[in-house]
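Engineer: Using only what follows, build the 3D model:
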Amino acid sequence: MTKTSAGLLLYRRSPTGPEVFLIHPGGPFWSKKDAWSIPKGEYHDGEHPLEAARREFQEETGSSLAIDRPPADFQPLGVITQPAGKEVTAWAVEGDFDPATLVSNTCLVEWPPRSGRQIEIPEADRGAWFDLPTAREKIFRGQEAFLDRLEAHLLTAR
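Structural biologist: Numbering: from 1, shown residues only. Below you'll find the predicted structure:
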């Protein structure tokens with residue numbers, strides 16, 4: 001069965017162009033990798049993907065920004081399939097967030113792999129704002145399409 005996730009691409013306008021907020025996954029596997037993602041997470045049958053995306057943003061950042069906004073503020077970015085097969089549905093929303101205030105939920109993972117030992121890690125260990133060219137270099141493979149779709153939306157919204 002295909003895993004499904006939903007997430008939010010937070011963006012802001014700057015004098016040099018749009019910037020997007022991405023998170024860096026927590027834990028030892030990602031600690032030395034410069035790989036970033038939109039805040040996202042899995043959802044299950046019966047949960048609306050936008051509600052899951054809003055919940056996941058709050059869980060991974062500690063911010064209620066996505067919870068406090070009306071649904072009309074969220075621009076659909078469609079669905080992508082990541083290289084490992086997970087389908088991700090995303091929405092863009094304009095806003096601001098101070099990465100220094102990020103407080104992420106934690107989760108248990110087996111580390112080292114196949115050791116049977118569980119450790120608690122943050123879902124995200126940090127967040128940062130990136131201009132679109134830099135974000136394209138850092139974002140998980142497969143998620144670049146969300147940046148392209150955001151850029152197209154911003155061009156048509158002028």
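Engineer: Parallel or antiparallel, list what pairs with the longest strand seen in the chain.
Structural biologist: For the chain, the strand that runs over the most residues, judged by DSSP state E, is strand 4-14. Using DSSP bridges, strand 4-14 pairs in its sheet with strand 17-25 (antiparallel), strand 40-42 (antiparallel), strand 87-94 (parallel).
Engineer: List the buried residues for it?
Structural biologist: Under the neighbour-count criterion of 16 or more other C-beta atoms under 10 Å, strand 4-14 has 4-11 buried. From N, CA and C alone the C-beta is placed, and that goes for glycine too.
Engineer: count of residues packed around Glu47?
Structural biologist: Glu47: 13 surrounding residues under other C-beta atoms under 10 Å.
Engineer: thinking again about what came up before, can you say which of the strands paired with strand 4-14 is nearest to Glu151?
Structural biologist: strand 17-25 (7.2 Å; C-beta to C-beta).
Engineer: for the closest one, which positions count as buried?
Structural biologist: In strand 17-25, counting by 16+ other C-beta under 10 Å, buried: 18-25.
Engineer: now swap in stretch 59-70 and tell me
Structural biologist: By 16+ other C-beta under 10 Å, the buried positions in stretch 59-70 come out as 59-63, 65-66.
Engineer: Just the C-alphas of that stretch, formatted as PDB.
Structural biologist: Output of stretch 59-70 as PDB, limited to C-alpha atoms (Å, rounded to 0.1, in the frame of the first residue of the first chain):
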ATOM      1  CA  GLU A  59       3.900  19.300  15.200                       C
ATOM      2  CA  GLU A  60       7.100  19.800  13.400                       C
ATOM      3  CA  THR A  61       7.600  23.500  14.100                       C
ATOM      4  CA  GLY A  62       5.600  24.200  17.300                       C
ATOM      5  CA  SER A  63       3.800  27.100  15.400                       C
ATOM      6  CA  SER A  64       0.000  27.400  15.300                       C
ATOM      7  CA  LEU A  65       0.400  29.600  12.100                       C
ATOM      8  CA  ALA A  66      -1.200  26.900   9.900                       C
ATOM      9  CA  ILE A  67      -3.900  26.100  12.500                       C
ATOM     10  CA  ASP A  68      -5.000  29.700  12.900                       C
ATOM     11  CA  ARG A  69      -5.500  30.400   9.100                       C
ATOM     12  CA  PRO A  70      -8.700  29.900   7.200                       C
END
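Engineer: Thanks a lot, see you next time.
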